[in-house]
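J.: Everything below, folded, please.
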Amino acid sequence: MTAASVSVDRDRLVETAARMIDVHSFTGDEQGMGELMVELYRPLGLQVQWQQVEDNRANALGIWNGAGGGKSLMFNGHMDTSYSGREEWLRDVPGFQPQHFVDDGRLYGLGISNMKGALACYVEAVNALQDAGVRLKGDVLIAAVCGEIEKTQYGDATGAEYRGYAAGSRYLVSHGGVADMCLLGEPTEGKVVLGHFGALWLRIRVHGNFIHTAFSEGKRDQNAILRMHDVLAAVKEWIPAWENDPVNAYRGVKAIVNVGAIDGGFGWRVSRTPHQADLFLDVRVPPTKEMGVARREVLDMVRGLAGRFPEYGIEGQVYVTAPGAEIDEGHELVAAIDACHEEVFGEVPERDVTRWFSDASALTRYGIPTVNYGTSTGLMDVEKGENLDIDGLVKTAETYAKIAMRICGVA
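T.: Predicted coordinates for the structure are as follows:
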């Protein structure tokens, strides 16, 4: 049996992806999507391992057991979507709703790009291999996981909808979901991502007085929000130092820092000066830098601010540390992707380094070499929303099937 004899069923793939889109699975509400994955696993004869991560959210692991003597390959993909579709700025965009539609060769709907399209490709890859009568030596695992989207609980924002950053994959690997290597079908435009940055989230707090507006005259220098204006200016001076430090670069890609949020005072009581104001930073950290080192360095920056503005009561808190991940370019999974991509697409895939997070962070720390390689990004069409090219989806599924044959071996 040769890899070239595997044929993807286009209609079946589109139907599978469409069914996935039609299941709402915002972070914290992935149970229904997990149940659909199990429904898709059963006809393929996959061994199902249901992992109840918490109420109303689970991981759905399907294992196609091999004949033995080959390496195991995991296809990992998150079921949660980046948005709910109920956001004020998205609710009128059809492609950001959990209802699929096809237009001009593209499949639209919430989560199709990130990353239900990849999950559909995993299922179709196994379907295609079985249709072709292929029996693999090694096991193929399809891990549909919850809670990957970059978010965390903070303050009043509590509950499952805020528990992301590899919550599902961390549960997966600690409950038997491991393999010799893993392919993550994040939307990479068909490029092989050899590494991605990690994230460190930092809160900088400034204190001030809390008095009635009537008595605030002459005391503006004690207003926490106005003090934060000075601190923010100082942080903006520091950001280029982090981003341009060669130690913080990875494979020629610079680090980046985002001023993500600011909070202070009470909108319902602006008759009082704010007692404190908070600034929130997302600091991207290369996979080659230990998080403990990054933490120390950013908190040293905060200490410098405290020394510069001694009356402001400045303090800092690191509340997210999500390490990056990398894989050696000489790894056999990279070689397999190169060969199979070229066979299907007619050219060797490009390399990439990204500054977004993926579940490779958790998987690699469990000793599972992981590559991010998947579909186009399906960037938002301002009128129609999230989408993927169906022809590209078909080719990606075929490539995944061929990769499984190369890695697991044919019995």
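J.: for this protein, which spans come out with low pLDDT?
T.: Along the chain, the model assigns pLDDT under 70 to residues 1-4, 377-380.
J.: So which residue is dead centre in it?
T.: Relative to the mean C-alpha position of the chain, the nearest C-alpha, by C-alpha atoms, centre = their mean, is the one of residue 358, at 4.0 Å.
J.: So it: helix, strand or coil?
T.: coil (DSSP: H, G, I helix; E, B strand; the rest coil).
J.: Next up, the contacts around it.
T.: By C-beta atoms under 8 Å, 6 or more residues apart in numbering, the contact list for residue 358 reads 148, 184, 186, 193, 196, 325, 370, 372. In short, each C-beta sits where N, CA and C put it, glycine included.
J.: Go through those residues and flag which are in strands.
T.: Using DSSP state E, 184, 193, 196, 325, 370, 372 are the members of the contacts of residue 358 that sit in strands.
J.: Now tabulate those residues in TSV and tack on neighbour count and distance to residue 252.
T.: Below are those laid out as TSV (neighbours: other C-beta atoms under 10 Å; distance: C-beta to C-beta, whole Å):
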residue	neighbour count	distance to residue 252
184	27	22
193	24	14
196	28	14
325	26	17
370	27	21
372	26	18
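J.: my guess is residue 336 meets residue 403, correct?
T.: Yes - applying C-beta atoms under 8 Å as the test, residue 336 and residue 403 come out as touching, 5.0 Å apart.
J.: between those two, who's got more neighbours?
T.: residue 403 (24 against 21; other C-beta atoms under 10 Å).
J.: give the contact list for that one.
T.: 73, 183, 333, 336, 337, 340.
J.: That one: helix or strand, and which one exactly?
T.: helix 390-408 (DSSP states H and E).
J.: and what of residue 284?
T.: Per DSSP H and E: strand 276-285 holds residue 284.
J.: Counting by contacts, list what that strand packs against.
T.: With contacts defined as 3 or more C-beta pairs under 8 Å, 6 or more residues apart in numbering; DSSP states H and E, the packing partners of strand 276-285 are strand 198-207, helix 224-244, strand 257-264, helix 291-308.
J.: Nearest to residue 133 among those would be which one?
T.: strand 198-207 (42.9 Å; C-beta to C-beta).
J.: Parallel or antiparallel, which strands does the closest one pair with?
T.: Strand 198-207 pairs in its sheet with strand 276-285 (antiparallel), strand 315-322 (antiparallel), by DSSP bridges.
J.: Tell me how this structure divides into domains.
T.: Domain ranges of the chain: 3-196+324-408, 198-322, per automatic domain parsing.
J.: Please identify the most buried of the ones you listed.
T.: The highest mean neighbour count among the domains of the chain, using mean count of other C-beta atoms under 10 Å, belongs to domain 3-196+324-408: a mean of 20.
J.: still on that earlier bit, report the distance from the helix holding residue 403 to the chain centre.
T.: Here helix 390-408 is found 21 Å from its chain centre; the criterion is C-alpha atoms, centre = their mean, to the nearest Å.
J.: do stretch 254-274 as well
T.: Distance, centroid of stretch 254-274 to centroid of chain: 26 Å (C-alpha atoms, centre = their mean).
J.: What of stretch 10-27?
T.: 19 Å.
J.: give me the beta-bridge partners of residue 141?
T.: Going by DSSP bridges, residue 141 forms beta bridges with residue 63, residue 74.
J.: Same question for residue 389.
T.: Under the criterion used (DSSP bridges), residue 389 bridges to residue 106.
J.: Look up how far residue 36 lies from it.
T.: Distance, residue 389 to residue 36, using C-beta to C-beta, to the nearest Å: 23 Å.
J.: and if you look at residue 312?
T.: Distance from residue 312 to residue 36, counting by C-beta to C-beta: 52 Å.
J.: can you check residue 316 too?
T.: Distance from residue 316 to residue 36, by C-beta to C-beta: 43 Å.
J.: now do residue 107
T.: Separation of residue 107 from residue 36 (C-beta to C-beta) stands at 16 Å.
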